[in-house]
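Asks: return a 3D structure for these sequence lines:
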Amino acid sequence: MTRLGFLLDSDSCIGCHACTIACKSEHDVPLGVNRTWVKYIETGSFPNASRHFSVMRCNQCEDAPCMTICPTNALFRADNGVVDFQDDNCIGCKSCMNACPYDALYINPETNTAQKCNFCNHRVEMDLAPSCVVVCPTQAIKVVDFDNPEDPVGKLIGREDVAVRSPEQNTKPKVYYKGADQASLDPTRTKINADGMIWADTTKHHRQLPVLDEHGYGDAGVVARTTYTTSHTTTWDRMVSGYMVTKSIAGGIMMMAALMIVLGHAEEQAAVGVVPPMVAGVFLAITGGLLIGDLKQPARFLYLLTRSNFDSWLVKGAYVLGAFAGISVAWWLLGLTDASDALKILAAPTALLGAATAGYTAFLFAQCEGRDLWQTPLLLPLLLARAVVAGASAYAILDLFMEIPSSRAVWWTLLGGVATVGFLTWVELQSHGSRHVELALASMTKGDHAGWFNWGLSFGVAAPAGLIIVSLISDAAGATIPAFAGIFALVGMWLSETAFVRAGQSVPLS
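Replies: Numbering: from 1, shown residues only. Down below sits the predicted model:
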């Protein structure tokens, strides 16, 4: 199989944008999005300043994370090694955009599907060069056949000092840069200066880098300024953080129902057998609505099941949700018939599926190679702890309307859950990962998303912990204070998840 790639010669590039225009013309790329573009940076200071040009595009990775996460095989590898796409399969989930470490994918506003540079594969299959190669006036864009040992461009890569973007991601990119300034290839080393020049007038989608100093904030590490680049919208937002909360409630309340059986309350028909699966069903339906509503092609949501890529945790998650819905229905039917002995048998698998429903997002986020903050190994235990909080909160709120057995056990569970969430959050903030992680944490705790994060801790940890402690030490405590603790915990959970989701996407990738 032929494996094709590019050599982009920054020494020869003059920043004329011919490649960008040719690409737009060849593929009818709409205004506002690009398959390829030229990035300008400036280094040094007057009178010893330099401008550098680098072409940004899909890196045709050997180990392409966009293909792995794509739930419907809309992204696939062609026979010549190029990562191509099939519009008819795309559901517009935008997961590929977070998986790509190179910011190469975009949603076409006319088709509402994900697109990117596909090496002009329709031309290559006709033995024609890609349009950008044809129009480049300085031959700064060269095609290389990595499976041809006699390919002259391949030999040039072998003997010249070349670089790739984000080598630490281990995607094995097949786009090489010759003569490119490292600051041009690493967007965390440049920033857009608010110095009154034309490039300081950014749109709302241009992300300003939350650069760090020795105290966690400032300009340390910035060695150049970005003078021309493109803007990219935030891919996932509050609907994603909302679905993380709703499925935590669904999974958590069934985990709590299983705990009630362990505590000897299997005969409590309403509080254990009937109401919990009904609540779980409602929040599962809301979860499905949020998932479908966040798609750019919501009418194609069934492609998750009919055109499944089982490497994607979006697909695995859909099956987890389906299995959990099925066992919740079975629980409800057994509860209606007061079959307490059967519920005892169902308790363990229900609790496991409830935990899987809340926790599978950790594995989905781990497939988002472009978002280093989401790669934390603490995400799974944090999501499981939040599921415990959500389930205990749901029971605490239900205690206002019906009799809940072992209510103090619910309070202790809620207190233990929020304490665990607080502890895991503290541990995460003490950790030191990649520069990308440090910048994302700075954005979450001190930058644009600090309000969401701080209010999330206040509502989701401090307030419910204080209210539950008051209830536990009060001999005359009723259901009202714990119910408010549960409400605060759920609100805080959504605020914290929103801060985490947004901060993970706050660091520019190109």
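
Asks: all contacts plus neighbour counts: C-alpha atoms, from now on.
Replies: Will do.

Asks: what mean pLDDT does the helix or strand where residue 253 lies get?
Replies: Using DSSP states H and E, the element containing residue 253 is helix 238-262. Averaging pLDDT along helix 238-262 gives 96.

Asks: enumerate the positions of that helix that are buried.
Replies: Across helix 238-262, burial judged by 16 or more other Cα atoms under 10 Å covers 238-261.

Asks: tell me the SS of the residue nearest to residue 261 when sequence neighbours are not counted?
Replies: Using Cα to Cα, 6 or more residues apart in numbering and skipping residues adjacent in sequence, the residue nearest residue 261 is residue 344, 6.5 Å away. Using DSSP: H, G, I helix; E, B strand; the rest coil, the structure places residue 344 in helix.

Asks: quick one: residue 344 and residue 266 touch, right?
Replies: Yes. The criterion here is Cα atoms under 8 Å, and residue 344 meets it with residue 266 at 7.0 Å.

Asks: which stretches of the stretch 201-350 of the chain form strands?
Replies: With DSSP state E, counting those that start in this stretch as the criterion, the stretch 201-350 of the chain has strands at 224-228.

Asks: which one of residue 344 and residue 266 is surrounded by more residues?
Replies: residue 266 (24 against 15; other Cα atoms under 10 Å).

Asks: now do stretch 151-170: distance to the chain's middle.
Replies: Put simply, stretch 151-170 sits 29 Å off its chain's centre (Cα atoms, centre = their mean, to the nearest Å).

Asks: same thing with stretch 286-301?
Replies: Using Cα atoms, centre = their mean, the offset of stretch 286-301 from its chain centre is 16 Å.

Asks: what mean pLDDT does it have?
Replies: 96.

Asks: now it: buried residues?
Replies: By neighbour count on 16+ other Cα under 10 Å, the buried set for stretch 286-301 is 286-288, 290-297, 300-301.

Asks: where in the protein is pLDDT low?
Replies: For the chain, applying pLDDT under 70 flags the ranges 1, 194-220, 475-477.

Asks: which stretches of the stretch 151-300 of the chain form helices?
Replies: 152-159, 182-185, 238-262, 275-293 (DSSP state H, counting those that start in this stretch).

Asks: so which of the ones you listed comes closest to residue 92?
Replies: For residue 92, the closest of those is helix 275-293, at 9.9 Å, according to Cα to Cα.

Asks: can I get stretch 245-253 in PDB, CA atoms only?
Replies: Presented in PDB, the C-alpha positions along stretch 245-253 are these (Å, rounded to 0.1, in the frame of the first residue of the first chain):
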ATOM      1  CA  VAL A 245     -24.600  15.200  34.700                       C
ATOM      2  CA  THR A 246     -27.900  13.600  33.500                       C
ATOM      3  CA  LYS A 247     -26.300  10.200  33.000                       C
ATOM      4  CA  SER A 248     -24.600  10.500  36.400                       C
ATOM      5  CA  ILE A 249     -28.000  11.000  37.900                       C
ATOM      6  CA  ALA A 250     -29.400   8.000  36.000                       C
ATOM      7  CA  GLY A 251     -26.500   5.700  36.900                       C
ATOM      8  CA  GLY A 252     -26.100   7.000  40.400                       C
ATOM      9  CA  ILE A 253     -29.700   6.600  41.500                       C
END
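
Asks: please enumerate residues in contact with it?
Replies: Here stretch 245-253 makes contact (Cα atoms under 8 Å, 6 or more residues apart in numbering) with 276-277, 279-284, 286-287, 351, 353-358, 383, 386-392, 394-395, 490, 493-494, 497.

Asks: let's see that with 7 Å instead.
Replies: By Cα atoms under 7 Å, 6 or more residues apart in numbering, the residues outside stretch 245-253 that reach it are 276, 279-280, 283-284, 286-287, 354-355, 357-358, 386-388, 390-392, 394, 493-494.

Asks: ditto for stretch 493-502
Replies: 237-238, 241-242, 245, 444, 449, 452-453, 455-457, 460.

Asks: redo that, cut-off 8 Å
Replies: With Cα under 8 Å, 6+ apart, stretch 493-502 has contacts from 234, 236-238, 240-242, 244-245, 386, 444, 449-450, 452-457, 459-460.

Asks: same thing with stretch 119-136?
Replies: 18-20, 22-23, 26, 82, 84, 139, 141-143.

Asks: just give me how far stretch 73-81 sits from the chain centre.
Replies: For stretch 73-81, the distance to the chain centre is 23 Å (Cα atoms, centre = their mean).

Asks: what's the end-to-end length of that stretch?
Replies: Using Cα to Cα, to the nearest Å, one end of stretch 73-81 lies 15 Å from the other.

Asks: picking that back up, reformat the helices of the stretch 151-300 of the chain as TSV; add distance to residue 114.
Replies: Below are the helices of the stretch 151-300 of the chain laid out as TSV (distance: least, Cα to Cα, whole Å):
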stretch	distance to residue 114
helix 152-159	30
helix 182-185	23
helix 238-262	18
helix 275-293	16
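
Asks: residue 437: which of the ones you listed is closest?
Replies: Per Cα to Cα, nearest to residue 437 of the helices of the stretch 151-300 of the chain: helix 182-185, 17.6 Å.

Asks: how far is the closest one from where the chain is centred?
Replies: How far helix 182-185 lies from its chain's middle: 24 Å, per Cα atoms, centre = their mean.

Asks: list the buried residues in that helix.
Replies: 183-185.

Asks: repeat for stretch 340-352
Replies: Result for stretch 340-352 [16+ other Cα under 10 Å]: buried residues 340, 343, 346-348, 350-351.

Asks: what angle sits between the helix holding residue 253 and helix 275-293?
Replies: Compare the direction of helix 238-262 with that of helix 275-293 by axes from the mean of the first three to the mean of the last three Cα atoms, to 10 degrees and you get 160 degrees.

Asks: in TSV, list the buried residues of helix 182-185 along with distance to residue 227.
Replies: Listed next are the buried residues of helix 182-185 as TSV, based on distance: Cα to Cα, whole Å:
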residue	distance to residue 227
183	12
184	11
185	14
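
Asks: tell me which of those is nearest to residue 112?
Replies: Closest approach to residue 112 among the buried residues of helix 182-185 (Cα to Cα): residue 185, at 28.9 Å.
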